[in-house]
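1. just coords:
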Ligand SMILES: Cc1cc2nc3c(=O)[nH]c(=O)nc-3n(C[C@H](O)[C@H](O)[C@H](O)COP(=O)(O)OP(=O)(O)OC[C@H]3O[C@@H](n4cnc5c(N)ncnc54)[C@H](O)[C@@H]3O)c2cc1C
Ligand SMILES: Cc1cc2nc3c(=O)[nH]c(=O)nc-3n(C[C@H](O)[C@H](O)[C@H](O)COP(=O)(O)OP(=O)(O)OC[C@H]3O[C@@H](n4cnc5c(N)ncnc54)[C@H](O)[C@@H]3O)c2cc1C
């Protein structure tokens, strides 16, 4: 079985600070990592491979330095990586087009896995868009996956209810954080990952022409959240009374 | 001149950092309190290859360089100094002398067991009357037929109650002085091997430290490590490498003290503002961070020298001396920054304060390190 995992390099959002004067997030000098849920997708791909055999290719659209991050996924157990170097303003329609072109270039692909969303933008669009461009079935928000030779059965978390579904291959599956705990690579796996291939494909060559973003991001600003910092220092009963009154006044309690 | 870890070393450090955060940090305080050996953690570490860091791949290890090894010990010690020293002793005091001085048969027999964590390694040099003056040891080993008969006792042995493979030093020729000491690979299953009392300690309480007692213990002749009379040389060269491990442990403890201090100082308010705004606190944090950086570079310097095959006695002694004193300085300031709260078991810094002290004592006290450094300079 040929499995493709789409994984994105993101900045470590827990380290982002907002510049108080411009309100813009300060991104320089912040460590980069693979988006958390994409690691769950890689882990699930490894488990699929362990069960039914096959080969795992990691695809990432981003900057060339994503290679170092992709190596971590190869150490976990993926077999090869492809970094598609694309302009920074590539938004989801562009990324989905590129990934679809890459999947086609790879030849016969049975399953495409991705995270339900990336931790930086959290739009949740990529999986569905990619399935759309590839014109294959999609199983989103997967919390449990059972792979068989000719089909896959998943449980999906759809908010107000859960659904169990099966699909033949090829299929796109987006996973949630709950699906598994990504493994840590052993020292030996880290060492052997250096001999696994990581290819670099150019966006324009892959797409066969220039790519025009449909969405233009004008600005990104942090929303200041001011806290009231009220401390109730009376005895407990009186404090609770005041707190409840205050919350009601704010419309938090009705 | 390259003062940066390679991408591979960074990957290893990141993996161990994540492992330590997820698997070691949550249980460190409890193991300390109960003086409980981290058996389960060691099993998980074995699966990741962390018990065979420097063991060659042909014997089931990862065959890594000393710099990578240093990052591993630092990251583990940053979350639990007990697990740090167990790992350091296992790799650098038990596996290393077998890698360096062992016969092919000894390597084939023992290194895979250590690499897979099926046996924990220990190093038994110290005796009640032979601490800094290791050559004063009294344990004897006498060759009778195919066995050495060993009698005596060792004290303060890290992992003593849990170890399966112990590098033991004993006198084989009393008249020859330091040239009369020999090293042996001893298994805990040998007849006459006994674990004595376990010490109740100030710090690194999850690393069990005990006496080992040998009563007419039969050690197969094949378990002599190196040649008869090589013992002292083996002990000193092994400790040179071990000191890099302890220096890493010290840097890890110091880094943890800094981590805790920064987060506490930002969040604790007195006089209407975070205490991080007071210059007195800022200076402590600045000093701590500067010394840690210097200590880490000394450690990498010693590790790098070892990888190049240079003589490292002086480098390793300097790294260990400076790093352990840095750790002590750091925990004293970190506890001060925590005020009364740091004096309680609610805060990690209390454990760090107790753990740091040992790094100035074992594998050569700070006085001994200064002796080593001075003698390499003065001859
Ligand atoms: C928790 C723990 C774990 C240990 N693990 C191990 C282990 O796994 N294997 C092992 O073999 N040993 C181990 N040790 C023993 C450790 O290495 C010794 O404690 C250390 O070498 C010091 O020896 P000592 O305790 O006998 O102190 P002493 O040698 O009696 O020293 C007492 C004081 O005198 C000073 N001193 C001694 N000689 C001189 C001198 N010539 N000039 C100036 N000052 C001097 C020392 O620096 C020290 O301050 C461990 C010890 C502890 C506490
Ligand atoms: C075992 C124990 C027994 C105690 N017994 C009593 C008792 O019987 N009665 C009682 O009332 N209290 C008692 N205390 C409380 C003790 O007096 C306080 O812990 C102490 O005054 C420090 O306050 P704090 O712990 O809140 O630290 P903080 O005031 O939060 O101080 C934290 C750090 O910030 C520094 N800092 C704070 N303000 C400034 C500044 N303006 N400039 C520079 N640095 C600053 C401090 O020096 C310290 O390093 C006890 C505490 C302990 C641990």
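-> Looks like it came in fine. The model shown is predicted, which means the values in this text are computed figures rather than measured ones. Numbering: from 1, shown residues only, chains lettered A, B, ... in the order given. Ligands and ions are numbered 1, 2, ... in the order given.
2. CA only for contacts and neighbour counts going forward, please
-> OK.
3. which bits of chain B sit near ligand 2?
-> B:270, B:275, B:278, B:280, B:281, B:336, B:337, B:338, B:339, B:340, B:341, B:343 (CA under 6 Å from any ligand atom).
4. among those, who's most crowded?
-> Ranked by neighbour count (other CA atoms under 10 Å in any protein chain shown), the residues of chain B next to ligand 2 have residue B:337 at the top, with 25 neighbours.
5. my guess is that one contacts residue B:261. True?
-> Yes - between residue B:337 and residue B:261 there is a contact under CA atoms under 8 Å: 6.5 Å.
6. could you chop the chain up by domain?
-> Unless you meant another one, I'm taking chain A. Each domain of chain A is listed here as a residue range: A:2-207, A:224-254, per automatic domain parsing.
7. could you do chain B instead?
-> Per the record, chain B has its domains at B:7-118, B:122-232, B:239-378, by automatic domain parsing.
8. say whether chain A is contacted by the longest one.
-> It stands for domain B:239-378. No - using CA under 8 Å from any CA of the partner chain, we find that domain B:239-378 stays clear of chain A, coming within 12.8 Å at best.
9. would that domain count as contacting ligand 1?
-> Yes - for domain B:239-378, a contact with ligand 1 is found by CA under 6 Å from any ligand atom, at B:361, B:362, B:363, B:364, B:365, B:367, B:368.
10. if we can go back for a sec, the residues of chain B next to ligand 2 in strands, which ones?
-> residue B:270 (DSSP state E).
11. include distance to residue B:86 and pLDDT when you put the residues of chain B next to ligand 2 into CSV, please.
-> Formatted as CSV, these follow (distance: CA to CA, whole Å; pLDDT from 0 to 100):
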residue, distance to residue B:86, pLDDT
B:270, 40, 97
B:275, 36, 98
B:278, 39, 98
B:280, 37, 98
B:281, 34, 98
B:336, 29, 98
B:337, 30, 98
B:338, 29, 98
B:339, 31, 98
B:340, 31, 98
B:341, 29, 98
B:343, 26, 98
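12. show me which pair in the residues of chain B next to ligand 2 is furthest apart.
-> The most widely separated members of the residues of chain B next to ligand 2, counting by CA to CA, are B:278 and B:343 (20.8 Å).
13. any idea which helix or strand in chain A has the lowest mean pLDDT?
-> None of the helices or strands of chain A scores lower by mean pLDDT, DSSP states H and E than strand A:17-18, at a mean of 88.
14. in this structure residue B:307 contacts residue B:63, no?
-> No - Residue B:307 is beyond contact range of residue B:63, at 11.9 Å (criterion: CA under 8 Å).
15. show me where the stretch 51-200 of chain B has helices.
-> Assigned by DSSP state H, counting those that start in this stretch, the helices in the stretch 51-200 of chain B fall at B:66-79, B:81-88, B:96-101, B:104-115.
16. related to what we said a few turns ago, which other helices and strands does the least confident helix or strand of chain A contact?
-> strand A:25-26 (3 or more CA pairs under 8 Å, 6 or more residues apart in numbering or on different chains; DSSP states H and E).
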